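Colleague: build me a structure from this.
(chains A, B and C)
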Amino acid sequence: MTPHFLTRTLDRSATIFILIVAAVGIVLPLLNLLLPADSPLQVPTYLISLFGKYVCYAILALSIDLIWGYCGILSLGHGAFFALGGYAMGMYLMRQIGSRGVYGNPVLPDFMVFLNYKELPWYWYGFDMFWFAALMVLLAPGLLAFGFGWLAFRSRVTGVYLSIITQAMTYALLLAFFRNDFGFGGNNGLTDFKDILGFNIQADGTRAALFALSCLGLIGAFMICRFIVTSKLGKVLIAVRDAESRTRFLGYRVESYKLFVFTLSACMAGVAGALYVPQVGIINPGEFAPGNSIEAVIWVAVGGRGTLVGAALGAVVVNYAKTVFTSGALAPYWLFMLGALFILVTLLLPKGIIGTVNAWLDGRKARDNANADSAEAEDGIIKPDLEKA
Amino acid sequence: MVAAELTAIDPQVAAREAEARQKRITSAQLYLDGVHVSFDGFHAINNLSMVLAPGEMRAIIGPNGAGKTTMMDIITGKTKPDEGDVYFDGTHDLTLLDETEIAKLGIGRKFQKPTVFESQTIQDNLLLALNVDHSVRGTLFWRGSRGEAERIDRVLETIRLTDARDSLAGNLSHGQKQWLEIGMLLAQDPKVLLVDEPVAGMTDVETHQTAELLKAINRDNKTVMVVEHDMTFVRELGVKVTCLHEGTVLAEGTIDDVSQNDRVVEVYLGR
Amino acid sequence: MNYFFERCRAIALACLLLAATAIPALAGPFEDAIAKFANDDFSDTDEAVGIIASSGNPQAFAIISALQEGRLFADPDSKKVYLTGTDGKSADAATGAAVAEVPASAAAVRLNNRLRRNIESALGGLTLMSPDPAKRIASAQSVFKSHEAALLPVIDAALEKETNKAARTAFAEARAAILLYKEDATEAEKIESIAIIKSRGDQDALALLTSLPPDQTLGVTRTAASAITAIKSRQTLWSISQNAWYGLSLGSVLLLAAIGLAITFGVMGVINMAHGEMVMIGAYVTFVVQDVIRTSYPGLFDYSLLMAVPLAFLVAGILGIIIERTIIRFLYGRPLETLLATWGLSLVLQQAVRTMFGPTNREVGNPSWMSGAFELGQITITYNRLWILCFTLAVFVILLAMLRYTSMGLEMRAVTQNRRMAASMGIATSRVDALTFGLGSGIAGIAGALFTQTNAYVTLTVFDFENSAKVMVMLILGGTGRLYGAFLGAAVYMVLEDYFSKLSPTFWQFGIGLEPVAGAVLGKIAILVLIILFIQKRPRGLFALKGRAIEA
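Modeller: Modelled structure (predicted):
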């Protein structure tokens, strides 16, 4: 009755998406590394890092889409999980600096020497080992999401209220990480990284490898999301999104489902953050700003929530636009445009780019079918009531 | 005498005795006694007591605001009563359980406003309703089985939606949605079915078919509670009728008894 | 009338008597004492001060205070002494007769520290007899602080004559202070004194008790110690009231914003993320009004706020109506998308204001009637905060009256509670929606206008994320079902914040609700965490409605 999970996971558009990401992940680094600098096709390293950033954002967008598009949980604090993953990676990179810092302390990072720390705080232990840091990239956001979600979902906080408290959560973390005595570098965050796993973080090769890894991460995250949304669990999630209490009366423990996807989504956001930090070279408390999290939500809305490809596409498109506009003469107008984007997408394009295209294709297919035989063919488009609380 | 002394001495025996007494609290399938619920001072349910025997079908009538839906909310765990006992099978105190646990015990519910998963296909709606492993892991690695497929096929046939199995539930007509929801109840295979206004928005033919369907379900030894305003339908079911008014039982008996009761005529049927 | 003439006669008689006593003194010890100032000798000067102070001469106070302030000049040749009054006119010290100017040969009488102390207590003693009760009280206060034992007889005499109640208390306190420090006072006298000083209970009383010399009897030491604790705890109480006052006045602005938010919430069913920007717009309207007045009609400055408040209401309100008509109304029933759209709106408004007014602070002033402060017990009450509170209450009362007694208010309540029902009863819901949204935004505008009066400038972040978060938290705490929910939520929030500031004073030294200073962070985090936990228990707020009706 059910096909093998791989055939189920990889339908045509999913396969195309994966192939494109894989191609980009292979070709761009090669164009960067192999071609001479004067070749017109040579991709400069700064572009590799920039695109790498977009890919990380795409992973973040996927994680948001998984909970918002499929389960109806609008998190306005997903940037917190992204930043926590980033900090875990940043802590590893800080420990890798060793005695090459300005103060030359072999154990303490520069900011700790500057702030008169006598010894390493206990929560920095173990971050000199990559495997530990990698574990923390998953655990730190995962545990926070688990604790937060356990409290929130168990007492059935839904809809707008949930959105607001996720925002409060990331704001609380923002305030905490700004503090110097919190032990994460305060205002300045973590920066001046030297190398990762022994490779110079500034080197072209490392940059290209990080970009390829990010693409791999995106493919992985996409496959996991596809696996989930095409499983029976995916159907339960959509059921929760559309009619939460009905799902409960069928005997599903809704809070467990929400907790599962919320935690998984937080871990994905953490991985995105961990891939992001070595490519941009800094992580600071600004990443916790509530505005960032909301901006990430609008990427998903632009691309089309409830469509995984759309989420990833939206992240890339919006961020590319941001890069173009904020670097040119139009910079003062970028916020106008971003604000307008929020309003216009919600008003005019509620399904997002991919969602609208899909609906159009479905509609055409339905009309074709209706022409072929006069079977009952109502317009095949239905508008799911996404926000049913 | 001796036996009484023994039980008094042995705590284990006493505990077992108590448990047995507890079990014997009622032989009813569904047992409500002295239930009160109020919302901000408004008494929605007032000293409501009702007993449904196993395998019984009961029709509930009553004017708007009589507490019919609130009663179903209490039985299914959506609303907690302020006082009173609600027992399932004479052993499970429903006031202590939440919706999920009560659904797992075997109490299914069809809502007044048909509630199906509109963005999913009819087949998936039934698949979601099947009483199989409902854990996160179970659904994540669910592979399906021939048995499940056959059950879904049977239900589809019963509710006459086999041809439309792959179309979205949101595209169904109002009456079809009612049937789909009854189909979901069937897939859920509960011991008790609470059916809230199943024939609202149906044609006469459909109403008749629904009555037949419910009777068939009842013959399958399931306990059914039907809330309905349509008196023709209630008459067709031909079962014991309870009339609720202002959160309490006004009259109980056959349809003829109840419809000749002066109070019922006064508050509900009209002269 | 008769009474008046009676008084005039009495005053005239008193003057005559005074003159009679003054004239014989002309050639007496007073005259000699004044001459001593010309000797330029500290001990002579000291002696002269003593004689003059006890002479009872009406000139005595003027002479000694002139001496204290270096306005007393002595001519060593003529032995004549002159003084310059505070008004700059000069006179002969001995006779009080005006002179054209102090001769060049005269020099200011010199003082040393011992002399200065004596002069001070002499003055204290002199003003104790002043006909002005305020001066008597002031001098009693200075005696209280100096507790000069030599003044005891003067105080006793003054206390006997005194009829003014406040002055009597002051004298009694001064006497108690002297007795407490007097070495030969009995234990009973001292303990009684401590009781009087304790009842005074201010910082000076505390200082007096804590700096008591150690060689006291056990009874005195113990009474003093218990008095010190009593005073300290009373002072804590005062400082709490002071904080509560600050919290109340700033909280009232936040409350106004919260009420506005609650009203718009009623329309949309969602928190308006651009609400903080409405407050910001109200603040900038105030700035513009003041700017226009300053440049064109400076005389009207005192009325600036009276113009700015209604104008802020209008501008923000009309903007609110426009927003509702063009954006919000298309999003009814889609709460999460409304959240996103209003966030986008906040970005646009924020950037628009930045483009128009620049990113820097712009100055806003207090009208004169809102400047200054007065003391109530030990609380300092500034007029601006008092007026802000009054404005807030006025707005709240008007709003309540409007909602309760006008047909518009009735329609608003109907639409907010059950839109579909209201529509079917013939209410033009779309018009009501727009007006309600405008009303909520307008009230936010008023909050912004008042907010400018708490600090002397407006910025883009006048109502930043933190304040918006506070307001949302208030709403979440209070629930949105009823208008007074915002009231209760604000109260609960303020109490919580106060509690946390007490709990970890290192992080919250600044009292409740004041402009944040560095280090106030942990308390805020604690609040946010608490809110998150709170929402678990009461997802729909503290005072939410129950029942089937609210089921979404």
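
Colleague: for chain C, what are the low-confidence residue spans?
Modeller: Across chain C, the ranges flagged by pLDDT under 70 are C:1-28, C:54-58, C:124-125, C:247, C:462-466, C:469, C:473, C:475-487, C:491, C:494-552.

Colleague: actually chain B, not the one I typed
Modeller: For chain B, residues meeting the criterion pLDDT under 70 lie at B:1-25, B:40, B:270-271.

Colleague: alongside chain C, which residues does it contribute?
Modeller: Within chain B, the positions lying close to chain C (C-beta under 8 Å from any C-beta of the partner chain) are B:Phe39, B:Asp40, B:Phe42, B:Ala44, B:Thr69, B:Thr70, B:Asp73. For every residue, glycine as well, the C-beta is placed using N, CA and C.

Colleague: now with 10 Å, please.
Modeller: B:Val37, B:Ser38, B:Phe39, B:Asp40, B:Gly41, B:Phe42, B:Ala44, B:Thr69, B:Thr70, B:Asp73, B:Lys78, B:Thr79 (C-beta under 10 Å from any C-beta of the partner chain).

Colleague: need the residues you listed in JSON lines (columns: distance to chain A).
Modeller: As requested, these are arranged in JSON lines below (distance: C-beta to the nearest C-beta, whole Å):
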{"residue": "B:Val37", "distance to chain A": "18"}
{"residue": "B:Ser38", "distance to chain A": "21"}
{"residue": "B:Phe39", "distance to chain A": "17"}
{"residue": "B:Asp40", "distance to chain A": "20"}
{"residue": "B:Gly41", "distance to chain A": "24"}
{"residue": "B:Phe42", "distance to chain A": "22"}
{"residue": "B:Ala44", "distance to chain A": "18"}
{"residue": "B:Thr69", "distance to chain A": "13"}
{"residue": "B:Thr70", "distance to chain A": "15"}
{"residue": "B:Asp73", "distance to chain A": "10"}
{"residue": "B:Lys78", "distance to chain A": "7"}
{"residue": "B:Thr79", "distance to chain A": "12"}
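
Colleague: can you name the two of these that sit furthest apart?
Modeller: Using C-beta to C-beta, the pair of the residues of chain B next to chain C lying farthest apart is B:Gly41 and B:Lys78, separated by 20.2 Å.

Colleague: neighbour count: those two, which is higher?
Modeller: Neighbour count, other C-beta atoms under 10 Å in any protein chain shown: between B:Gly41 and B:Lys78, B:Lys78 has more, with 19 against 6.

Colleague: which residues does the closest residue in space to the more buried one that isn't next to it in sequence contact?
Modeller: Leaving aside its sequence neighbours, B:Lys78 sits nearest to B:Glu99 (C-beta to C-beta, 6 or more residues apart in numbering or on different chains; 6.0 Å). Counting by C-beta atoms under 10 Å, 6 or more residues apart in numbering or on different chains, B:Glu99 touches A:245-254, B:73, B:76-78, B:107, B:109.

Colleague: count the neighbours of residue 218 for me.
Modeller: In the absence of a named chain, this looks at chain A. A:Leu218: 29 neighbours (other C-beta under 10 Å).

Colleague: that's the wrong chain, I wanted chain C
Modeller: 8.

Colleague: swap in C:Trp238?
Modeller: Other residues near C:Trp238 come to 14 when the count uses other C-beta under 10 Å.

Colleague: how close does the nearest residue to it once chain neighbours are set aside sit to C:Leu206?
Modeller: In this structure, C:Trp238 finds its nearest non-sequential neighbour in C:Gln378, 4.1 Å apart by C-beta to C-beta, 6+ apart. C:Gln378 sits 12 Å away from C:Leu206, going by C-beta to C-beta, to the nearest Å.

Colleague: who touches both of these two?
Modeller: C:Arg234, C:Gln235.

Colleague: what about those two, which has more around it?
Modeller: Taking other C-beta under 10 Å, C:Gln378 and C:Leu206 do not tie; C:Leu206 has more neighbours (19 against 15).

Colleague: now name the helix or strand holding the more buried one.
Modeller: Assigned by DSSP states H and E, C:Leu206 belongs to helix C:203-210.

Colleague: enumerate the positions of that helix that are buried.
Modeller: Using 16 or more other C-beta atoms under 10 Å in any protein chain shown as the burial criterion, the residues of helix C:203-210 that qualify are C:Ala205, C:Leu206, C:Leu208, C:Leu209.

Colleague: residues contacting the last one?
Modeller: Taking C-beta under 10 Å, 6+ apart, we find C:Leu209 in contact with C:Ala177, C:Leu180, C:Ile194, C:Ile197, C:Lys198, C:Thr223, C:Ala224, C:Ala225, C:Ala227, C:Ile228, C:Ile231.

Colleague: does stretch C:357-366 reach chain A?
Modeller: No. Stretch C:357-366 stays clear of chain A (C-beta under 10 Å from any C-beta), getting no nearer than 10.6 Å.

Colleague: quick check: the gap between the residue in chain C that chain A sits nearest to and A:Thr307.
Modeller: Distances between chain C and chain A by C-beta to the nearest C-beta are smallest at C:Gly344, namely 2.3 Å. Remark: distance between C:Gly344 and A:Thr307 (C-beta to C-beta) = 21 Å.
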